[in-house]
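>>> pasting a predicted model and its sequence here:
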Amino acid sequence: MKWYKKAAMLGSGRAMQEIGLLFHNGSGVSQDDNQALIWYKKAVENGDKSSMFYIAMVYKGQKNYTEAMKWYLKYVEMGGGYVAMESIAKMYEEGQGVAKDSKIAAEWRAKAEADKNQK
């Protein structure tokens, strides 16, 4: 944590994300989703777009599906990958934060598969 905090103080978005992960997973610190969100959001503000995915995961774990969907969509808009697209599809399949819609879910699954095949 010490070195991540030093790097974070220098503006490293990646270090901020790592601190968020420590809190999210309870690795070496007490598990704390609120602290994880604070650090993930700082990471996004400092250019680490992949932290948007982790923000969405925290919200989804808290069953705040509307916020989760918002962050998954932001991440995809910023070029995020197929895992986020698959999460969006699943949320449409299950009606989490959005109206249940198998057609939209299938469209997101197709986008995810296309993105996966490009990598």
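Structure's in. What do you need?

>>> contacts for the helix ranked longest in the chain, please.
Counting by DSSP state H, the longest helix found in the chain is helix 102-118. By CB atoms under 8 Å, 6 or more residues apart in numbering, the list of residues contacting helix 102-118 from outside reads 81-83, 85-86, 88-90, 92-93, 98. From N, CA and C alone the C-beta is placed, and that goes for glycine too.

>>> ditto for stretch 62-73
Contacts to stretch 62-73, defined as CB under 8 Å, 6+ apart, come from residues 33, 52-53, 55-57, 59-60, 80, 84, 87-88, 91, 96-98.

>>> thinking again about what came up before, relative to I38, which of the contacts of helix 102-118 is nearest.
V83 (23.2 Å; CB to CB).

>>> what's the closest one in contact with, if anything?
Each residue near V83 by CB under 8 Å, 6+ apart is listed here: 53, 112.

>>> what pLDDT, on average, does the secondary structure element (helix or strand) that it belongs to get?
Using DSSP states H and E, V83 falls within helix 82-94. Taken as a whole, helix 82-94 has a mean pLDDT of 97.

>>> and the angle for it with helix 102-118?
Helix 82-94 runs at 170 degrees relative to helix 102-118, counting by axes from the mean of the first three to the mean of the last three CA atoms, to 10 degrees.

>>> how is S30 assigned, secondary-structure-wise?
The three-state label given to S30 by DSSP: H, G, I helix; E, B strand; the rest coil is coil.

>>> list the contacts of it.
F23.

>>> from Q17, how far off is it?
Between S30 and Q17 the computed distance is 19 Å (CB to CB, to the nearest Å).

>>> ok, V83 next?
According to CB to CB, V83 and Q17 sit 16 Å apart.

>>> CA-only coordinates of the longest helix of the chain in CSV, if you can.
Provided in CSV are the C-alpha atoms of helix 102-118 (Å, rounded to 0.1, in the frame of the first residue of the first chain):
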residue,chain,number,x,y,z
SER,A,102,-33.7,-10.4,-24.7
LYS,A,103,-33.3,-8.6,-28.0
ILE,A,104,-31.0,-5.9,-26.6
ALA,A,105,-29.2,-8.5,-24.6
ALA,A,106,-28.5,-10.5,-27.8
GLU,A,107,-27.2,-7.3,-29.5
TRP,A,108,-24.8,-6.8,-26.7
ARG,A,109,-23.7,-10.4,-26.8
ALA,A,110,-23.0,-10.1,-30.5
LYS,A,111,-21.0,-6.9,-29.9
ALA,A,112,-19.0,-8.7,-27.2
GLU,A,113,-18.3,-11.6,-29.4
ALA,A,114,-17.1,-9.4,-32.2
ASP,A,115,-14.9,-7.5,-29.8
LYS,A,116,-13.5,-10.7,-28.4
ASN,A,117,-12.7,-12.0,-31.8
GLN,A,118,-10.7,-8.8,-32.7
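
>>> that concludes my questions; thank you for your assistance.
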